[in-house]
Structures are given as structure tokens and as C-alpha cells.
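S.K.: Sequence and predicted structure, then a few things I'm wondering about:
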Amino acid sequence: MSEAQKSSLTHYVASFVCDTKLGDIPHDVMELGKKSMLDGIGLAISGSVAKSGELVRKHLKSLGVTDGPATVFGSNIKTAPRFAAFANGVGIHADDYDDTQLAVAKDRVYGLLTHPTAPALPSAIAKGEALNASGANVMLAYQLGVEVECKISEAINPRHYQTGFHSTATCGTFASASAAGKLMGLNHEAMLRALSIAGSQSAGLRENFGTMTKPFHAGRSSESGVVAAEFAEIGWTAAPNILEAQRGFFSAAGGGYDASAIDGVLGKPWTFASPGVSIKPHPSGSLTHPGMTEMLRLIKEHDIKPEQIVNVKVGTNHNMPNALIHHRPTNELQAKFSMEFCMAILLLERCAGLSEFTDEVVMRPDVQAMIGKVDFGVDPEAEAAGFHKMTTIITIKLTDGRVIRGHADFGRGSPAMPMSYEEVAEKFRENCEFAKFDAKKGAQVVEMVRGIERLGSIRELTALLSV
């Protein structure tokens with residue numbers, strides 16, 4: 001390897017993945033990671049009963065690949081690691097209920113960077129199960145995948161997301177390759193090639209938001225990273241500078257990048273510690289959550305009844321309507337990207353969980369009528385607040401003439417309003433109940449993830465995740 005290659009950004013990333021040990025990860029980062037791991041596993045279980053989960057299993061059976069070392073959560077299928085990573089990645093992201101990376105720079109849109117766990121965790125667990133890795137090594141691989149994905153997402157020019165790329169699909173491929181490659185013990189040169197192969201598989205377009213293809217992105221990025229690491233292991237060649245090259249990832253997909261957001265700062269600080277990762281309290285796009293948190297507070301504080309609503313105005317910066325594109329949703333997937341539905345369902349039900357995000361609920365006459373009373377758009381005050389937070393301004397006009405106003409920058413589950421491990425465990429239990437997953441096994445999973453670094457084999461965990 002030449003001196004130029006050794007000094008390249010891609011080489012730095014590869015070296016970070018290869019050289020970092022479990023002891024290099026601070027205790028608080030480990031504990032934050034456990035919450036996201038538990039959250040992700042629960043979401044893969046609940047996602048297994050989504051229509052997309054059914055179709056994924058049908059596809060795997062049609063390929064004849066249902067005999068392998070890696071578990072498809074919430075099913076009786078074991079398959080090759082690449083396909084388990086795909087299936088579990090789709091499951092985690094199926095309900096858009098998974099964690100989200102927060103932004104630092106003001107020109108990066110807060111809440112619109114990437115979903116870190118959906119690509120990284122399925123890869124780490126699938127390869128870990130196949131290799132009989134310890135819980136500690138799977139946790140390390142997962143942490144490295146998340147860190148690489150988040151720093152790449154932070155660094156790439158905002159154009160990447162704004163013009164249509166889905167960063168979970170694109171940056172997530174590097175997460176998966178890092179996690180899989182770490183567990184496989186790839187050396188620096190092989191890891192460099194794994195990242196490069198991953199870069200050529202990075203794909204996913206936001207026009208598919210509100211369809212099954214959005215969770216397909218997460219599954220595919222996780223699968224692609226596994227494939228990249230496996231091909232690198234057997235000697236597949238690839239460019240040594242895929243991130244920073246003129247025709248590489250940052251240039252082609254974003255028109256450039258901010259080197260200061262990634263070069264020399266992996267793990268300094270860890271993204272889990274700062275700016276943090278947000279765990280979702282509702283199965284909808286993260287940009288809806290500050291408004292949903294505030295709306296629920298206003299409803300309870302003022303005891304607002306549905307019949308009192310004249311109209312509701314919700315104002316944000318211009319990037320939020322650019323992602324929450326379904327103003328009159330007609331199905332559950334569109335509703336996840338509809339601020340109007342999210343406000344309406346809270347006004348009607350005072351809750352918004354998996355049971356509320358169904359086609360039947362979305363098309364209820366009272367829901368559609370309430371959606372029609374919600375006006376969502378850009379508010380100058382929210383726009384002026386900047387893109388490094390999700391400022392949401394709510395104005396509710398009632399039939400008695402009262403006007404109730406609310407303002408929120410962050411939602412529940414964000415680092416500003418974090419969930420405890422037990423609160424995440426409660427969400428996990430609700431997801432298991434939704435999927436009719438065995439409650440006793442679910443309780444064991446909660447405790448096993450809590451002490452995952454002491455687990456002799458990740459297979460002890462995955463044995464609990466099949467049905």
C-alpha cells in the first residue's frame with residue numbers, strides 16, 4: 001500500500017474499524033448502544049408481521065435459501081447471513097419506528113441524517129451468529145458500524161439527502177460492511193476493499209418513502225455490507241479511496257463533503273454520546289415527533305376533545321414538508337410521512353402506536369375529517385430557528401374561541417428528552433405483543449441485551465428470536 005493510500009480518508013476509516021477494541025468504547029456509549037440494540041430487535045420482531053415481512057420470507061423460500069446459520073427474527077427461518085441481514089433490516093425499518101441520528105452542523109438537517117441501527121445491527125448479529133461470536137464482539141461491531149455510518153452521513157454535503165438520496169440506504173451500507181468486516185477479522189487492506197465494494201452498492205431514493213421500498217432500503221444496505229465484507233475476504237479488488245475520490249462516494253452522491261466532520265474524529269466523540277441518537281416514541285417519520293410530543297402535552301393539559309377542533313396549524317422549517325410529503329394519506333405507509341395524520345390521530349385517540357398506523361384507521365371517516373382540519377407548512381419563526389433542530393409550532397383553534405399555542409424543538413426519545421432502558425424495554429414489550437411474540441422469551445431478551453457484553457455466544461440471544 002502506497003503512502004498516499006495510507007493517508008487517505010478511506011484508509012483512516014478502515015484503520016478505525018480494524019484497530020478499535022471494546023475497551024476503547026466509553027461506558028455511557030455502551031449503555032446507549034444497548035438501548036438501541038434492544039429497540040432494533042423489538043422492531044424486527046414487530047416488523048416480521050408486516051406485509052413486507054411476509055413477502056421477504058416468501059422471497060427467501062422461493063430462492064431455496066432457508067437453511068443456514070443466521071436467524072430471521074420472528075420466524076422459523078435460518079438462512080445465509082446476507083439474507084438474514086436483509087430480512088431483519090427490512091423488519092427493523094418496516095414501521096419507521098427505529099432510531100435516528102441527530103445532526104451537528106446547521107446546514108445538516110436535524111433528524112434527517114440516517115437511521116443508524118437498521119443497517120448496522122442485522123449485519124452484526126447475522127455474521128456474529130454465523131461465526132459464533134461473543135456478545136461483546138457483536139456489540140463492538142455494531143458500535144463501529146453505527147459510528148462509521150453516522151460520521152459519513154454527517155460529512156456528506158446536504159445535497160445528498162435534499163435531492164433525493166435516502167441516507168439510511170447509502171451511508172448504511174458502510175455501516176454494515178464495517179460491522180461484518182470487524183467480526184470477520186478483516187485486516188486493514190481487506191477492510192479498505194470492503195468499504196469500497198460497499199460504496200458501489202450504495203443506493204436508495206426518497207421518492208419511495210411511504211412504500212415498502214423504504215424499509216427495503218434498510219434491508220438492502222445491511223445485506224450489501226455483508227456481501228462487501230465477504231467478497232473482500234476472498235480477495236475481490238476495489239479502489240482504495242472510495243470515500244474521497246473525485247469519482248467516489250462523497251463527490252458522486254453529494255457533490256462533496258465536510259472533511260472536519262469525519263477525518264480524525266471517529267469516536268471523538270462517539271455519535272451515541274454527542275450529538276446523540278434518538279429513539280422513536282411513535283412509528284412515524286422522526287420529523288413528526290417534536291410536534292407529536294407537544295400536541296399530546298397540549299391535549300392533556302387543556303383536555304382538548306375532538307369535537308372542539310376548528311382547525312390546527314403546524315409550522316416548521318422548509319426541510320420538514322420536503323420529507324413529510326403525504327398531506328392527505330390513504331394508507332398506513334403514507335401516514336408515517338404525514339404530519340396531518342400524526343396530529344389528527346392524537347387529537348382523536350390521544351395515542352399513536354402500531355395499532356393506530358393501519359390502513360383501516362387511516363381511512364376511518366373521522367380520521368380523514370380531522371386530517372382535513374390540519375394545515376401543515378413552513379413557518380417563518382421555525383425557519384429562522386435553523387435546521388439543527390426540528391422546531392415545530394402548533395396553533396389550535398377551538399369552537400369556544402380559544403386559541404392554544406405550542407412550541408417544541410425536540411421530541412420524546414431524543415437526547416434532550418431521553419428514554420431510559422426500562423422505557424425502551426416497555427416499547428420492546430409492546431412490539432412483541434403486537435407481533436404475538438412469546439412474552440417469556442421477550443423478557444429474557446430484555447435482560448440478555450442489558451448484559452450483552454457478558455454473553456459467551458450471540459447464539460444464546462438469537463435462539464430466543466425465532467418462533
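M.R.: Thanks, I have the structure now.
S.K.: ok, now how distant is the most centrally placed residue in the chain from Gly204?
M.R.: Central residue check for the chain by C-alpha atoms, centre = their mean: the C-alpha nearest the mean position is that of His115, 2.4 Å away. Distance of His115 to Gly204, computed by C-beta to C-beta, to the nearest Å: 11 Å. C-beta coordinates here come from the backbone N, C-alpha and C atoms, glycine included.
S.K.: between the two, what contacts are shared?
M.R.: Contact criterion C-beta atoms under 8 Å, 6 or more residues apart in numbering; residues shared by His115 and Gly204: Thr168.
S.K.: now the residue nearest to the centre of the chain: how far from Thr211?
M.R.: In this structure, His115 lies at 16 Å from Thr211, with C-beta to C-beta as the measure.
S.K.: go on, Gly40?
M.R.: Using C-beta to C-beta, one gets 22 Å for the distance from Gly40 to Thr211.
S.K.: can you tell me which residues contact the residue lying closest to Glu307 once chain neighbours are set aside?
M.R.: For Glu307, the nearest residue in space outside its immediate sequence neighbours is Thr399; the separation is 7.5 Å by C-beta to C-beta, 6 or more residues apart in numbering. The contact partners of Thr399, taken as C-beta under 8 Å, 6+ apart, are 307-310.
S.K.: change it to 10 Å
M.R.: Applying C-beta atoms under 10 Å, 6 or more residues apart in numbering, one finds that Thr399 lies in contact with 305, 307-310.
S.K.: Please apply the same query to His289.
M.R.: Neighbouring residues of His289 by C-beta under 10 Å, 6+ apart: 100, 111, 278, 280-282, 342, 352, 390, 392, 408, 410-414, 417.
S.K.: pLDDT score assigned to it?
M.R.: Reading off the confidence values, His289 has pLDDT 93.
S.K.: and the strand or helix carrying it, C-alpha only, in CSV?
M.R.: With elements delineated by DSSP states H and E, His289 resides in helix 289-302, which encompasses its position. Presented in CSV, the C-alpha positions along helix 289-302 are these (Å, rounded to 0.1, in the frame of the first residue of the first chain):
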residue,chain,number,x,y,z
HIS,A,289,-42.1,13.7,16.8
PRO,A,290,-41.5,17.2,18.3
GLY,A,291,-44.9,18.2,17.1
MET,A,292,-46.5,14.9,18.4
THR,A,293,-44.8,15.3,21.8
GLU,A,294,-46.1,18.9,22.1
MET,A,295,-49.5,18.1,20.7
LEU,A,296,-50.0,15.3,23.2
ARG,A,297,-48.9,17.6,26.0
LEU,A,298,-51.4,20.3,24.9
ILE,A,299,-54.2,17.8,24.6
LYS,A,300,-53.7,16.5,28.1
GLU,A,301,-53.0,19.9,29.7
HIS,A,302,-56.1,21.6,28.2
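S.K.: buried sites along that helix?
M.R.: Within helix 289-302, the residues that qualify as buried are 289-296, 298-299, counting by 16 or more other C-beta atoms under 10 Å.
S.K.: Using the three-state scheme, assign Arg328.
M.R.: Using DSSP: H, G, I helix; E, B strand; the rest coil, the structure places Arg328 in coil.
S.K.: mind listing what the closest residue to it other than its chain neighbours touches?
M.R.: Distance criterion C-beta to C-beta, 6+ apart; nearest residue to Arg328, sequence neighbours excluded, is Ile371 at 6.5 Å. By C-beta under 10 Å, 6+ apart, the residues touching Ile371 are 327-329, 335, 338-345, 347-348, 362.
S.K.: ok, 7 Å please
M.R.: Contacts were defined as C-beta atoms under 7 Å, 6 or more residues apart in numbering; by that measure Ile371 touches 328, 340-341, 344.
S.K.: Could you do Ala344 as well?
M.R.: Counting by C-beta under 7 Å, 6+ apart, Ala344 makes contact with 367, 370-371, 374.
S.K.: run the last query once more with 10 Å
M.R.: Counting by C-beta under 10 Å, 6+ apart, Ala344 has contacts 295, 306, 309, 312, 329, 335, 338, 352, 362, 366-374.
S.K.: likewise Lys441?
M.R.: With contacts taken as C-beta under 10 Å, 6+ apart, Lys441 has the following neighbours: 45, 432, 463-467.
S.K.: repeat for Gln368
M.R.: Gln368 makes contacts with 328-330, 341, 344, 362, as judged by C-beta under 10 Å, 6+ apart.
S.K.: Would you reformat those residues as CSV and include distance to Gly219 and pLDDT?
M.R.: Output for the contacts of Gln368, formatted as CSV (distance: C-beta to C-beta, whole Å; pLDDT from 0 to 100):
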residue, distance to Gly219, pLDDT
Arg328, 29, 96
Pro329, 23, 96
Thr330, 25, 96
Phe341, 25, 98
Ala344, 30, 98
Val362, 24, 98
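S.K.: Max pairwise distance over those residues: which two?
M.R.: Spatial extent of those (C-beta to C-beta) is set by the pair Thr330 and Ala344 at 13.4 Å.
S.K.: what touches both of the two?
M.R.: Between them, Thr330 and Ala344 share the contacting residues 338, 362, 368, judged by C-beta under 10 Å, 6+ apart.
S.K.: remind me which residues of the protein are low pLDDT?
M.R.: 1-7, 106-112 (pLDDT under 70).
S.K.: how does it divide into domains?
M.R.: The record, using automatic domain parsing to delimit domains, assigns the chain the ranges 3-280+418-462, 286-408.
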